[in-house]
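Colleague: Here's my sequence, what's the structure:
(chains A and B)
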Amino acid sequence: MRDRTRSYMVRSGVGLLLVVAASASWVQVEKPAPWAVGGNEPDWVTSNEHRFDELKKSLPPSGVVGYLSDLDLGGNDGSAAWYTAEYSLVPLRLSPECDCESVIGNFTDSSVAPALAKSRGLGIVRDFGRGVVLLRRSGK
Amino acid sequence: MILLLVTVVLPLLIGFLLVRAVVPGLRTDVQVCLGAGMGIGLVSCCLFLSLLTDTPSLFFESVLLIAFALAGRGAVARTSVVKRQQTAVTQPELALGMAFAIVVAYSIYGFVSNVRIDPHGYWDAWAIFNLRARFLATAYWRDTFSPVFIWSHPDYPLLLSAFIARVWRATGSRELSVPAVTAFLFTFATIGVLAGSLTVLKGRTQGFLAGMLLAGTPLFIDQGTAQLADVPLSFFILSTLALLALQDRFWPNAPGLALLAGLSAGMGAWTKNEGLLLVAVILPVRTLAVMRSLGRRPALAQAGWFAAGLAPILAVVLFFRHSFATPNAHIGGRGVLALMAPLSDLNRWRIFTGELLKHGWSFGDLFVSSFVVLAIYLACVGFHWERDRAAVHTAVGTLSLVLAGYCVVCVISPFDVVWQSATALDRLLVQLWPGTLFLGFLAARTPDAYWGERLRRR
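Modeller: The predicted structure is shown next:
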């Protein structure tokens, strides 16, 4: 009798693991098929990287450059914009605080760049589109 | 593509040869899985040394490769291979083996799908680990420790970043596949070490069931694809515990396994700061456990070999912390009083305990918590751990103390405790999950003890 109870318990335990494993497999199966993901649309990090492709050619290979944005760096959007810019421009270091001659403008919209740049004593060197602008400190 | 393949395979070969040299009698699949993580860790150390000394990383790697190959030849020649007695595969074992293979196959499918959606990994992966790897892959690698990057945790150890940078340096490009392949290797090598070591210690049924439960934890797979350092750390915690258990059972007086376990614990500290907790805890816990079961002399001998394995990696970690790392965001740069004050804040403890229970209760991303599933399973099958007393004591003590350490750090952290818990607890539990499964299945009575009885009666 005791043996039979143990038998049921052991089978129940193993059965539970099988049910859990089956349901975990179902979670994986429900994910989009790998070959159907993305297509021609890159993920947002890659897409952000591409925004800086042209700008890279106008920057020094390393060192510190300034960073200016219309987004609050303390907020989620602002920090995401900053992180992706830094990630894209390695080995350059982007510093919002530095008094550097070259400054990268990373804006949600390029139209806000002139006013913001002027307020910081910066002039626009080139607008690369999609909110990416190269700025230079006036008077330097 | 071929160059990429070679640069990824070389570390795996180094790791495999190391494990084969130290434990020639172990099953090849376990050697391969253990070797994957060890090799990646060793090669990341080689890159760090190469950056410091301006010597090609390949030089250090070649030295390791040749040394381990020669040591392996000698070891295999003079050691009688000790393997678990091979028995014919029973029907239940065959069925469970197939179920395990199916779950792993679906996990691989889910893993690849996640990688296709987030090829750069989760936010912290590209903003911390892959960002650092990009720097380490350039001549301006020291700039990654600049104060400008204080938000990017320059105190995080370099195992992942340095390995990825090593491959990028060799191939001369920044293929996105490298962090993803590294994540894949750690995720599935962890499953392999769990299933393989339990198969050796407790039989195929336990190995398959434990591996199935780990592969069947969607959160573990998702954290693997995240390309963060939590799954790699879980690999080293598990490997350390598994190696010590194998030592107790098969080679109690051989130094190799304790040496390798020490190396594995050191790699944990080279992976993430939490690994330092493992290092701090495991040596005294292990020494006490062996002292109780085997006596003082073997315990001290094992502790010595463990420390010998740990020392070189710990030296690298300490040098990194001393020379490059900034103070830790949770505990660094604060006086003892500032650290102690939150410890007596009962409200922080109350909130944190609630969050811990909540995350434990929903852990795994399934209809029921994976911890609850393990607890029910153990209640159903019962325990049988007499043969592995020291290993079970080691695992219980280590995992409990590491968890307690995590709790203390979360509570004394200067950040909001709810935010801290929401962002960290799942990952911290993932770090301990494979080790917990190893402990559970090591201590559990194996179902095939019962099935074997029934089959014999038939």
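
Colleague: show me where chain A has strands.
Modeller: Taking DSSP state E as the criterion, chain A carries its strands at A:63-69, A:92-95, A:102-106, A:122-129, A:132-137.

Colleague: Residue B:8 versus residue A:8, what's the distance?
Modeller: 48 Å (Cβ to Cβ, to the nearest Å). Backbone N, C-alpha and C define where each C-beta goes, glycine included.

Colleague: Near residue B:122, how many residues? Count them for me, please.
Modeller: Using other Cβ atoms under 10 Å in any protein chain shown, residue B:122 has 17 other residues around it.

Colleague: pLDDT value on the closest residue to it other than its chain neighbours, please?
Modeller: Nearest non-adjacent residue to residue B:122, counting by Cβ to Cβ, 6 or more residues apart in numbering or on different chains: residue B:226, 4.0 Å away. Looking at residue B:226, its pLDDT stands at 97.

Colleague: Return the backbone torsion pair for residue B:226.
Modeller: Dihedral angles of residue B:226 (phi, psi; degrees, to the nearest 10) stand at phi -60, psi -20.

Colleague: tell me the contacts of it?
Modeller: Shown in contact with residue B:226 (Cβ atoms under 8 Å, 6 or more residues apart in numbering or on different chains): B:118, B:121-122, B:124-125, B:183.

Colleague: By neighbour count, which of the residues you listed wins?
Modeller: residue B:183 (27 neighbours).

Colleague: So for the helix or strand encompassing that residue, mean pLDDT?
Modeller: Per DSSP states H and E, residue B:183 falls inside helix B:177-202. Helix B:177-202 shows a mean pLDDT of 97.

Colleague: Residue A:133 bridge partners, please.
Modeller: In this entry, residue A:133 is beta-bridged to residue A:105, residue A:127, by DSSP bridges.

Colleague: Pull the number of nearby residues for it.
Modeller: Per other Cβ under 10 Å, the neighbour tally for residue A:133 reads 25.

Colleague: sec struct for residue B:331, please.
Modeller: Classification of residue B:331 by DSSP: H, G, I helix; E, B strand; the rest coil places it in coil.

Colleague: any idea how far chain A is from it?
Modeller: Computed as Cβ to the nearest Cβ, to the nearest Å, the residue B:331 to chain A distance reads 23 Å.

Colleague: That residue against residue B:409, yeah?
Modeller: Yes: proximity of residue B:331 to residue B:409 meets the contact threshold set by Cβ atoms under 8 Å, at 6.5 Å.

Colleague: buried ones in the helix or strand bottoming out on mean pLDDT in chain A?
Modeller: Lowest by mean pLDDT, DSSP states H and E among the helices and strands of chain A is helix A:113-119, with a mean of 89. Neighbour-count burial for helix A:113-119, counted by 16 or more other Cβ atoms under 10 Å in any protein chain shown, picks out A:113-114, A:116-117.

Colleague: could those be laid out in a markdown table, adding distance to chain B?
Modeller: What follows is the buried residues of helix A:113-119, written out as a markdown table (distance: Cβ to the nearest Cβ, whole Å):
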| residue | distance to chain B |
| --- | --- |
| A:113 | 23 |
| A:114 | 27 |
| A:116 | 21 |
| A:117 | 21 |
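
Colleague: Among those, which pair sits farthest apart?
Modeller: The span of those, defined through Cβ to Cβ, is set by A:114 and A:116 at 7.4 Å.

Colleague: Can you identify the helix in chain A that spans the most residues?
Modeller: Identified as the longest helix of chain A according to DSSP state H is helix A:2-29.

Colleague: Let's test this: mean pLDDT of it, rounded?
Modeller: 92.

Colleague: by contact count, what packs against that helix?
Modeller: helix B:91-117, helix B:204-215, helix B:218-225, helix B:370-381, helix B:447-457 (3 or more Cβ pairs under 8 Å, 6 or more residues apart in numbering or on different chains; DSSP states H and E).

Colleague: For the ones you listed, give me JSON lines that also has mean neighbour count and distance to chain A.
Modeller: Formatted as JSON lines, those follow (neighbours: other Cβ atoms under 10 Å in any protein chain shown; distance: least, Cβ to the nearest Cβ, whole Å):
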{"stretch": "helix B:91-117", "mean neighbour count": "19", "distance to chain A": "3"}
{"stretch": "helix B:204-215", "mean neighbour count": "27", "distance to chain A": "5"}
{"stretch": "helix B:218-225", "mean neighbour count": "24", "distance to chain A": "5"}
{"stretch": "helix B:370-381", "mean neighbour count": "20", "distance to chain A": "3"}
{"stretch": "helix B:447-457", "mean neighbour count": "15", "distance to chain A": "5"}
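
Colleague: would you turn those helices into TSV with distance to residue A:66?
Modeller: Shown next, in TSV, are the helices and strands packed on helix A:2-29 (distance: least, Cβ to Cβ, whole Å):
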stretch	distance to residue A:66
helix B:91-117	34
helix B:204-215	48
helix B:218-225	35
helix B:370-381	48
helix B:447-457	65
